[in-house]
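Novice: Quick one, fold the following:
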Amino acid sequence: MSNYVEKITHLGTPAIKAGNEHIEMIVVPEWGSNVISLVDKATKIQLLREPETAESFHDTPTLYGIPILFPPNRVSDGTFSFRGRTYHFDINEKDKHNHLHGFLYQEKWHVVTMKQTDEEVLVETEIDLSELPHVYRQFPHHAVVRMTYHLKGNTLFKHATVMNKGKEAFPWGIGYHTTFLFPEESSLFSLTADQQWELNERLLPTGKLIDVPNKEALHKGMDLREKQLDDVFLSAYQKRGGENQAIIYYQHANLGIIYQADEQFKHWVVYNADAKQGYLCPEPYTWVTNAVNLDLPSSLTGLQVLEPGEKTTAKSSITIELNHQ
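Specialist: Residues are numbered from 1 along each chain as shown. Okay, here's the model as predicted:
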């Protein structure tokens, strides 16, 4: 049997290594259930930006592996109102006075399942926000998030299930600050998007959508050298027959990384710092930045609500293809 899953220590921290004949991943539950490593076995290429030490991870935890953002991106002034309650999230982006990236990407998650079969490998982790006093103070709900990772063939499937186990409804959004290695001189990037959100100086949407410049190049595969990005795109999946994906193509290895998301992920943020750091973050989001404060239809912003007892699952996947066209 080529499938395997085992407990290991990674950079001094308990972790789970799982793989098959095509790919291998390392999940660190104590680091926000982060998939900190993803390797293509055929080429031995590490796909994700991986920290060299535990200290470097904790210095910038959203720029390694696949951080889970709940909720994703910015909430202006950390404040919004929903059904008569005003929420106050901590301001952790002080220069722009925003709350940024939610509560879970540095928290310890619990391992629920580790198993392998002839067909796949399965790892599940879970976190209960109501058990974290500093989170419950900001988001006073009995919300539980479960991550299901399963490896099948050349694909990592990621399913996020959000559960409302409390007595009050809450708004929710989730996303991933997926940080791929991206050698700028030999990589291309494409995205299924025709429009993007106009942003103000605090990187918050103004509410206006604008056409993507060079969108044909973005659809076909764009060279990002000298193209600094911290942009928010509206997925064009409705126009493209359900296709909702970002693709990274490593020309030097003739390898494609196809990052797909279901219809709940209505938005993508794309970030690459100054376009010279050798990484690229295509970030699928179920809601747009600051969705809770935008006076726009939820069908556009992606703002969703879970009533008491309800749960929902948002699905995404990362597929590795050699000789990708």
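
Novice: from here on, contacts and neighbour counts on C-alpha atoms
Specialist: Noted.

Novice: is it true that Gly309 lies in a strand?
Specialist: No: counting by DSSP: H, G, I helix; E, B strand; the rest coil, Gly309 falls outside a strand, being coil.

Novice: wait, it sits on Lys165?
Specialist: Yes: assessed by C-alpha atoms under 8 Å, Gly309 is found in contact with Lys165 at 5.4 Å.

Novice: out of the two, which sits in the busier spot?
Specialist: Just comparing Gly309 and Lys165: by other C-alpha atoms under 10 Å the higher neighbour count belongs to Lys165, 19 against 12.

Novice: Isn't the more buried one up against Val145?
Specialist: No: with contact defined as C-alpha under 8 Å, Lys165 does not count as touching Val145 (10.6 Å).

Novice: Can you spell out which helices and strands pack onto the lowest-mean-pLDDT helix or strand in the chain?
Specialist: In the chain, no helix or strand scores lower on mean pLDDT, DSSP states H and E than helix 215-220, which sits at a mean of 94. Helix 215-220 is packed against strand 187-191, strand 193-199, with contacts defined by 3 or more C-alpha pairs under 8 Å, 6 or more residues apart in numbering; DSSP states H and E.

Novice: State the mean pLDDT of the shortest one.
Specialist: Across strand 187-191, pLDDT averages out at 97.

Novice: Give me the helices and strands touching it, please.
Specialist: Using 3+ C-alpha pairs under 8 Å, 6+ apart as the test, strand 187-191 ends up in contact with helix 215-220, strand 245-250.

Novice: same check, this time on the longest one
Specialist: The helices and strands touching strand 193-199, judged by 3+ C-alpha pairs under 8 Å, 6+ apart, are strand 205-211, helix 215-220, strand 230-235.

Novice: got the contact list for that strand?
Specialist: 205-212, 215, 219, 231-237 (C-alpha atoms under 8 Å, 6 or more residues apart in numbering).

Novice: Direction included, what does it pair up with?
Specialist: Its sheet considered, strand 193-199 pairs with strand 205-211 (antiparallel), strand 230-235 (antiparallel) by DSSP bridges.

Novice: now the last one, how far from the chain's geometric center?
Specialist: The gap between the average C-alpha position of strand 230-235 and the chain average comes to 13 Å, counting by C-alpha atoms, centre = their mean, to the nearest Å.

Novice: List just the one of the helices and strands packed on strand 187-191 that sits closest to Tyr279.
Specialist: strand 245-250 (10.9 Å; C-alpha to C-alpha).

Novice: got the contact list for the closest one?
Specialist: With contacts defined as C-alpha under 8 Å, 6+ apart, strand 245-250 is touched by 182-183, 186-192, 221, 255-261, 282, 324.
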